[in-house]
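> kindly return the folded structure for what I paste below:
(2 chains)
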Amino acid sequence: MDNLKLHYDVNGDDFSVAGENSSKVKKMLKQLGFSPDVIRCVAIAMYEAEINMVIHANGGFIDVDISPERVKVELQDKGPGIPDIEKAMQEGYSTASNRVRELGFGAGMGLPNMKKYTDELNISTEIGKGTLVELIVNVK
Amino acid sequence: MINYWHSVTLEKDNCKGCTNCLKHCPTKAIRIQKGKAKILKERCIDCGECIRVCPYHAKKAVTDSFDILNNFKYNVALVAPTFFSQFSIADNVNLILTVLKKIGFDDVYEVACGAETVTEKTKELLKSGELLTPTISSACPAVVRLISLRFPNLIGNLIPLRSPMEVAAKDARDVAVRKTGLKPEEIGIIFISPCAAKATAVKNPVNISKSCVDGAISVNDAYLKIAHQISNINEDEIENLSRSGKYGIMWAVSGGEAEATNSKRHICVDGIHNVIEVLEAVEDGKLRDIEYVEALACTGGCVGGPLNVENNFVARSRLERICRDISINENVKSREDVLWEKPLVYRPVMNLDSDISKAMEKAMKIEEIYESLPKLDCGSCGSPGCRDLAEDIVRGYANESDCIFKLRERLNTLAKEMIELDGNYEITKKKKNEEEQNEGGED
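Numbers count the residues shown, from 1 in each chain, chains lettered A, B, ... in the order given. Model prediction:
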């Protein structure tokens, strides 16, 4: 059987719709009958990644690949890239501007949360070119 | 077996088959079939949105009539603060309670007292740090049901406490037994309900095996009886019956519960669609800075219930007026008997299939059909929107031709084919005639 694939374009200018796609995926996973645990992990990790895409990278696109064994989310942006991934993985570390912090983001929990709620987190990034984030949540 | 009894029902004769309820239902529990609305029982949460928006009064809440009082030797009216707020003389709580004793009840008991008991336990549990945060109030039965259907991840965030109505009902019965010496089952505890959700919680509770309430009469029905009697009461007949304090009374309005529980970082959300929005945010982990979520299905809180007679803003102002004259009840005890008897169960009624692989196939089919639909979400097909129609088609409840645009497309094609056929017929006829003439000419 084929995997279920979803594709979304993420608008980098519009903060009011950031997170909309994670909501759609969450709804879809519920309909498909995935366990509440899997749904929570995907919802939180993907939401963090989607918001990051808008805050730091001016949008991009998301591909979701669902099979009964696992959910994979790939987020590709054409942003500035992450200079120091190790640092970015630390809780509390953030490069977010003051304006973004005033909105309640930039607490430095983005990547740590993605790590915490996924079974696999792969990041390939190139300065000035963009970042590809791959989130995998396995069905136990 | 799962009990699907609901207070919200359809009065078929009044239904015009319009799309008002279809469009407003927060759990997409309504379809229009053969020109009439149909409620999908497993999805309904009894929030009463459909009752509110139906212009033809085809949606109603089934509640008990006053005849239920005949089933018991002694009847106690369980009165929520919302009921007081329906009267312009709301501040005379004792008058309203006295009149209740003139229209068939033997005694009265205020739900506000139950709310105060729940408040104490809530404070204790919040302080204990044992609860998942943000902790969500379980006072509104429509919200509890919503969570059991749509938010499996938030079941653990609900505070496992009975509603003020249940707590008050239990206490009311104990008081009545002490006063009368009757057996508990000879006493009728009758709730005057502002909403369908509480009427359902009485007949079909989710967290206790049996409700302590014996019946639910709508505020609307009780209001009329009281209105007829109220002017017949002399000043000296008014009994001193009210026991509720400020905090208990204000539970009836949005913000009242959160203030009573004194949580520092709380959200008060009212109106079922707003509640859904906030619950989505909690589920996404966006509200980590919040300790307590007070969530009420009706706009304005219980004063906005669909079975009330008064506008919720007026009602709120009247309750604030009552509170100016009364104090806070001190020394309310925190009790163990207000906890749930059984945990809330997730009921995945939105699932496409019990098998994930099959569900995935169906989801792909839904996407495919959805892409072919006009995406106008007009509701003319009888499903709330185009995506819902696609889902209903895949589930086997609907056909593509239920979409009037699809139907029009098909009719157009058919018409074109007819014209073509007709044209072909004319041409062949002409040819035949010519051939016949030619044949004749040869003769």
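> which residues of chain B lie near chain A?
In this structure, chain B approaches chain A at residues B:150, B:152-153, B:280, B:283-286, B:346, B:348, B:350-357, B:359-361, B:363-364, judged by CB under 8 Å from any CB of the partner chain. No exception for glycine: its C-beta is placed from N, CA and C like everyone else's.
> strands of the stretch 51-200 of chain B, start to end?
Applying DSSP state E, counting those that start in this stretch to the stretch 51-200 of chain B gives strands spanning B:59-61, B:74-79, B:107-110, B:135-136, B:187-193.
> indicate the residue of chain B located nearest to chain A.
For chain B, the residue positioned closest to chain A under CB to the nearest CB is B:Pro152, at a distance of 3.7 Å.
> find the nearest non-adjacent residue to the closest residue to chain B within chain A, please.
When distances are taken as CB to the nearest CB, chain A reaches nearest to chain B at A:Pro36, 3.7 Å away. Counting by CB to CB, 6 or more residues apart in numbering or on different chains, A:Pro36 lies nearest to B:Pro152, which is 3.7 Å off, once chain neighbours are set aside.
> likewise B:Ala297?
B:Ala142 (3.8 Å).
> before we move on, what about B:Ile276?
Distance criterion CB to CB, 6+ apart; nearest residue to B:Ile276, sequence neighbours excluded, is B:Pro26 at 6.0 Å.
> my read is that that neighbour contacts B:Arg43, right?
No - B:Pro26 sits out of contact with B:Arg43 when judged by CB atoms under 8 Å, with a separation of 9.8 Å.
> which strands and helices lie in contact with the lengthiest helix in chain A?
Ranked by number of residues, the top helix in chain A under DSSP state H is helix A:36-57. Contact partners of helix A:36-57 among helices and strands, from 3 or more CB pairs under 8 Å, 6 or more residues apart in numbering or on different chains; DSSP states H and E: strand A:4-11, helix A:20-32, strand A:59-66, strand A:70-77, helix A:110-116, strand A:130-138.
> quick one: closest of those to B:Asp214.
helix A:20-32 (37.0 Å; CB to CB).
> so B:Glu417 sits in a helix?
Yes - when the secondary structure is assigned by DSSP: H, G, I helix; E, B strand; the rest coil, B:Glu417 falls within a helix.
> most centrally placed residue in chain B?
When CA atoms, centre = their mean is applied to chain B, the residue found nearest the centroid is B:Cys47 (1.1 Å).
> run a quick neighbour tally on residue 14.
Looking at chain A here, since you left the chain open. Using other CB atoms under 10 Å in any protein chain shown, the number of residues around A:Asp14 comes to 11.
> the chain in question should be chain B.
Counted by other CB under 10 Å, the residues lying close to B:Asn14 total 14.
> wait, doesn't the residue nearest to the centre of chain B sit right on B:Ala297?
Yes - the pair B:Cys47 / B:Ala297 is scored as a contact, 4.6 Å apart, by CB under 8 Å.
> spit out the contact partners of B:Val53.
Residues counted as contacts of B:Val53 (CB atoms under 8 Å, 6 or more residues apart in numbering or on different chains) are B:20-21, B:23-24.
> by neighbours, which of the residues you listed wins?
Going by other CB under 10 Å, B:Cys21 tops the contacts of B:Val53 with 26 neighbours.
> could you look up the SS state of it?
When the structure is split into helix, strand and coil by three-state DSSP, B:Cys21 lands in helix.
> picking up where we left off before, just the pLDDT at the residue of chain A closest to chain B, thanks.
In this prediction, A:Pro36 carries a pLDDT score of 92.
> excluding sequence neighbours, find me the nearest residue to B:Ala139.
For B:Ala139, the nearest residue in space outside its immediate sequence neighbours is B:Ser163; the separation is 5.5 Å by CB to CB, 6+ apart.
> again, but for B:Pro194
Leaving aside its sequence neighbours, B:Pro194 is closest to B:Gly305 (3.0 Å, by CB to CB, 6+ apart).
> check contacts around that neighbour.
Counting by CB under 8 Å, 6+ apart, B:Gly305 touches B:48, B:82, B:193-195, B:219, B:298.
> let's see stretch B:195-212 as PDB, backbone CA atoms only.
What follows is stretch B:195-212, C-alpha atoms only, in PDB (Å, rounded to 0.1, in the frame of the first residue of the first chain):
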ATOM      1  CA  CYS B 195     -28.900  23.800  29.100                       C
ATOM      2  CA  ALA B 196     -29.300  20.500  27.200                       C
ATOM      3  CA  ALA B 197     -25.900  19.300  28.300                       C
ATOM      4  CA  LYS B 198     -26.800  19.200  32.000                       C
ATOM      5  CA  ALA B 199     -30.100  17.500  31.200                       C
ATOM      6  CA  THR B 200     -28.100  14.800  29.300                       C
ATOM      7  CA  ALA B 201     -25.600  14.600  32.200                       C
ATOM      8  CA  VAL B 202     -28.500  13.700  34.500                       C
ATOM      9  CA  LYS B 203     -29.800  10.900  32.200                       C
ATOM     10  CA  ASN B 204     -26.500   9.800  30.800                       C
ATOM     11  CA  PRO B 205     -23.500  10.800  33.000                       C
ATOM     12  CA  VAL B 206     -20.000  10.000  31.900                       C
ATOM     13  CA  ASN B 207     -17.800  10.000  35.000                       C
ATOM     14  CA  ILE B 208     -20.200   8.500  37.600                       C
ATOM     15  CA  SER B 209     -22.300   5.400  37.300                       C
ATOM     16  CA  LYS B 210     -25.500   7.100  38.200                       C
ATOM     17  CA  SER B 211     -26.500  10.800  38.600                       C
ATOM     18  CA  CYS B 212     -27.600  11.900  42.000                       C
END
